[in-house]
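Peer 1: pasted the sequence and its predicted model underneath.
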Amino acid sequence: MTKMSLFRGIDRRSFVPLIACICSVFPAATHSASAQEVTLREEQPIVITGEEVPSAYGAPPGLSRSRFSNVTQAYVLPPWAFFFGELFEGQGFRHGPPDYLFTQEIEMGLPYRFNVAAESQFERFNGGGGAQTVSLEARWALADWNKIPLNPTLFAEYKFGVGTIRHEEVPPPPGGGGEEEEEEEGGPPKVPDAYEVRLLLAQEFFGRIEWAMNWFFEKENTGDRGREWGFSQAAMTPVLLPNERLKVGIEMEYKNVTTKDTRGDALNSFVLGPTVAWKPTANTRLDISPLFGCTDDSPVADVFVAISWLFGGERAEAEAPVSSRFRYLSKISRADKDSDKEMKQVAPPCQDWYGDREWNVNLWGTYTFTNTEFAPNPSLVDIVQSTSEGGAVLGTYDHYIGGDHAWGGGGDIKYFFCRYAGVGVEGFALDASKPGFDIFEDPTVPIFVHRRINHDHTIGSVLGTLTLRYPIPCTRLSPYAWAGVGAIFGGGERDIVHTQGPPDAFAVHAQTDHFGAETKLVGQFGAGLEFRISRHIGWTNDLSFGVIDGPQNNFGMFRSGLNFAF
């Protein structure tokens with residue numbers, strides 16, 4: 001077949017001057033355009049946009065969070081980033097009612113790859129509920145991202161038991177009826193303190209798949225000395241790029257649980273299921289994970305729902321993470337390689353609502369709740385009867401504040417010596433009430449005086465405090481965390497019945513001794529959020545937990561008030 005030339009009939013030698021002309025004109029045009037571009041760059045700022053998500057030490061943003069998924073954590077937060085999370089877990093068992101756990105956590109990133117965090121957990125089971133544990137956490141990454149394979153991170157946590165055990169993970173051993181009866185007479189056992197250590201591993205593969213794995217070991221310090229070890233892992237991939245608004249994946253968790261009586265017969269739980277992460281905004285994320293049991297010891301279903309907020313830390317103007325997804329544009333390329341310069345993001349000026357150094361005077365009202373399921377006293381005859389038999393049945397009211405709640409108010413004065421930290425003094429007063437009784441019996445007279453009384457009292461406290469805050473740039477918001485140590489006074493009244501004689505309510509000698517208020521050491525820590533109405537007036541709300549020396553004394557406190565900044 002004869003091939004037809006496209007340029008048949010045209011003298012090919014005539015192309016030489018034409019090509020030479022084009023080659024001479026193109027550099028001139030290019031130089032002109034380049035010169036115009038340089039002029040524009042010198043005359044007006046260049047705005048570079050990128051996804052507004054933090055990156056920790058070069059890690060992908062999805063791995064620069066406190067939680068990688070609902071059951072798995074990874075790496076650390078960027079320095080001075082704050083993570084707030086609300087986690088719901090619902091467990092459906094093969095037998096018995098379901099168990100619901102609610103967890104609140106706040107975590108702060110520190111320099112040198114450190115994180116610190118506080119966490120509280122509440123439980124709802126079989127019609128009852130209340131606070132269970134309050135935890136303090138710390139983690140440290142061994143190196144910057146991708147310096148060590150799998151990016152190992154060390155994690156340590158100490159859990160303070162503040163509630164009563166409502167649901168046992170391990171069934172009681174056979175023949176343990178005697179212990180159960182003793183527990184029923186004395187009330188439900190207290191949640192023991194425990195410690196936990198973890199090894200966190202994380203890696204990104206092929207620029208699209210993020211993976212994390214946790215190995216953990218937890219041990220209770222008292223009670224049945226439960227021991228738990230296992231692992232969890234998750235893998236996720238984005239399905240909406242470039243902002244990665246939606247991710248899908250799979251996650252799993254295995255737990256081996258024993259107590260001091262069941263070391264040879266462990267409970268083995270393994271759950272597996274899909275996970276979905278959706279980001280409504282750059283700073284918020286919703287995670288949903290319906291996991292399903294794969295062993296006889298596993299719950300039928302273990303459903304997790306978490307919503308989290310992440311503020312602060314490195315932003316788009318920072319160094320881009322090591323990833324093939326090109327999340328950030330941090331440089332502008334120029335035709336002249338010798339003049340390649342890094343361009344910074346230019347943002348319009350915004351009002352600064354918080355000062356680098358300022359005094360704060362905060363006035364607030366408070367609602368205080370104790371961790372006891374208050375039970376009304378039985379008849380006074382039963383009190384005498386049970387006391388003469390060796391143990392009074394008086395309910396589970398709080399030993400210091402008294403009832404199941406109290407209202408009050410307080411204030412504090414703080415000086416912020418830098419933008420992010422301040423020291424101060426605070427005090428509060430509570431209008432508390434505690435039920436009691438007055439019993440006197442002498443069968444030889446005979447006299448039987450019995451009446452119910454109520455201890456109405458004011459409880460006060462004074463503490464020295466340290467506050468850490470992060471004013472979010474260009475907003476009126478500032479999340480903060482605080483801790484304090486001091487003294488609490490005005491509470492702790494007690495009524496004790498002394499009996500002599502037979503275990504008969506109408507033949508025993510009985511007398512009530514009244515003990516007055518006590519002053520005790522108290523520690524308190526919490527977290528909250530401030531909204532600046534104006535430069536000098538803010539609205540504060542926070543939740544804190546107080547620990548008073550002695551058993552069954554701890555309390556929670558919600559505060560809301562006005563802050564005046566000078």
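Peer 2: Cool, got the structure. Numbering: from 1, shown residues only.
Peer 1: my guess is S232 contacts M213, does it?
Peer 2: Yes - S232 is within contact range of M213, at 7.2 Å (criterion: C-beta atoms under 8 Å). All C-beta spots, glycine's among them, are computed from the backbone N, C-alpha and C.
Peer 1: shared neighbours, the two?
Peer 2: Common contact partners of S232 and M213 (C-beta atoms under 8 Å, 6 or more residues apart in numbering): T72.
Peer 1: low-confidence ranges, the stretch 51-200 of the chain, go.
Peer 2: Within the stretch 51-200 of the chain, the stretches with pLDDT under 70 are 51-54, 169-188.
Peer 1: 50 instead, please
Peer 2: Per-residue confidence of the stretch 51-200 of the chain (counting by pLDDT under 50) places the weak regions at 51-52, 174-186.
Peer 1: show me the helices in it, by range?
Peer 2: Counting by DSSP state H, counting those that start in this stretch, the stretch 51-200 of the chain has helices at residues 177-186.
Peer 1: quick one: the strands in it, in order.
Peer 2: 81-92, 99-110, 114-125, 128-141, 153-161, 194-205 (DSSP state E, counting those that start in this stretch).
Peer 1: can you redo these as JSON lines with mean neighbour count and distance to S289?
Peer 2: Putting the strands of the stretch 51-200 of the chain into JSON lines (neighbours: other C-beta atoms under 10 Å; distance: least, C-beta to C-beta, whole Å) gives the following:
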{"stretch": "strand 81-92", "mean neighbour count": "20", "distance to S289": "10"}
{"stretch": "strand 99-110", "mean neighbour count": "20", "distance to S289": "14"}
{"stretch": "strand 114-125", "mean neighbour count": "19", "distance to S289": "18"}
{"stretch": "strand 128-141", "mean neighbour count": "19", "distance to S289": "21"}
{"stretch": "strand 153-161", "mean neighbour count": "18", "distance to S289": "20"}
{"stretch": "strand 194-205", "mean neighbour count": "18", "distance to S289": "18"}
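Peer 1: please, where are all the helices along the chain?
Peer 2: Per DSSP state H, the chain carries helices over the ranges 15-43, 177-186, 380-388.
Peer 1: what pLDDT, on average, does the shortest one get?
Peer 2: Spelled out, that is helix 380-388. Per-residue pLDDT over helix 380-388 has a mean of 64.
Peer 1: separation between R225 and P473?
Peer 2: To P473, R225 is 48 Å away according to C-beta to C-beta, to the nearest Å.
Peer 1: ok, the spatially closest residue to F566 that is not a sequence neighbour - contacts?
Peer 2: Nearest non-adjacent residue to F566, counting by C-beta to C-beta, 6 or more residues apart in numbering: W359, 4.6 Å away. Counting by C-beta under 8 Å, 6+ apart, W359 makes contact with 413-416, 565-566.
Peer 1: likewise K219?
Peer 2: Residues in contact with K219 (C-beta under 8 Å, 6+ apart) are 194-196, 225-228.
Peer 1: quickly list what it is bridged to.
Peer 2: Assessed by DSSP bridges, K219 has beta-bridge partners Y195, R227.
Peer 1: state the number of residues packed around W407.
Peer 2: By other C-beta atoms under 10 Å, the residues close to W407 number 11.
Peer 1: again, but for the one 5 residues further on
Peer 2: Other residues within reach of D412, judged by other C-beta under 10 Å, total 23.
Peer 1: that one touches G422, doesn't it?
Peer 2: No - here D412 lies out of contact with G422, judged by C-beta under 8 Å, at a distance of 10.2 Å.
Peer 1: ok, now how distant is A194 from K219?
Peer 2: Counting by C-beta to C-beta, the gap from A194 to K219 is 6 Å.
Peer 1: go on, S135?
Peer 2: Going from S135 to K219 by C-beta to C-beta gives 14 Å.
Peer 1: and if you look at E107?
Peer 2: Computed as C-beta to C-beta, the E107 to K219 distance reads 23 Å.
Peer 1: ok so, going back, find the residues that touch each one of A194 and K219.
Peer 2: Among the neighbours of A194, those also in contact with K219 (C-beta under 8 Å, 6+ apart) are G226.
Peer 1: before we move on, back to that, looking at the strands of the stretch 51-200 of the chain, which is nearest to Q73?
Peer 2: Closest to Q73 of those is strand 194-205 (C-beta to C-beta; 5.6 Å).
Peer 1: what comes into contact with the closest one?
Peer 2: Residues outside strand 194-205 that contact it (C-beta under 8 Å, 6+ apart): 59-60, 63, 68, 73-75, 133, 139, 149-159, 161, 210-221, 226, 323.
Peer 1: hey, C-alpha coordinates of it in PDB?
Peer 2: What follows is strand 194-205, C-alpha atoms only, in PDB (Å, rounded to 0.1, in the frame of the first residue of the first chain):
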ATOM      1  CA  ALA A 194      -5.500  -0.300  87.100                       C
ATOM      2  CA  TYR A 195      -2.500   0.500  84.900                       C
ATOM      3  CA  GLU A 196      -2.100  -0.200  81.200                       C
ATOM      4  CA  VAL A 197       0.800  -0.100  78.800                       C
ATOM      5  CA  ARG A 198       0.700  -0.300  75.000                       C
ATOM      6  CA  LEU A 199       2.900  -0.400  71.900                       C
ATOM      7  CA  LEU A 200       1.500   1.600  69.100                       C
ATOM      8  CA  LEU A 201       2.500   0.800  65.500                       C
ATOM      9  CA  ALA A 202       1.500   2.700  62.400                       C
ATOM     10  CA  GLN A 203       2.500   2.900  58.700                       C
ATOM     11  CA  GLU A 204       1.300   4.200  55.400                       C
ATOM     12  CA  PHE A 205       1.500   1.900  52.300                       C
END
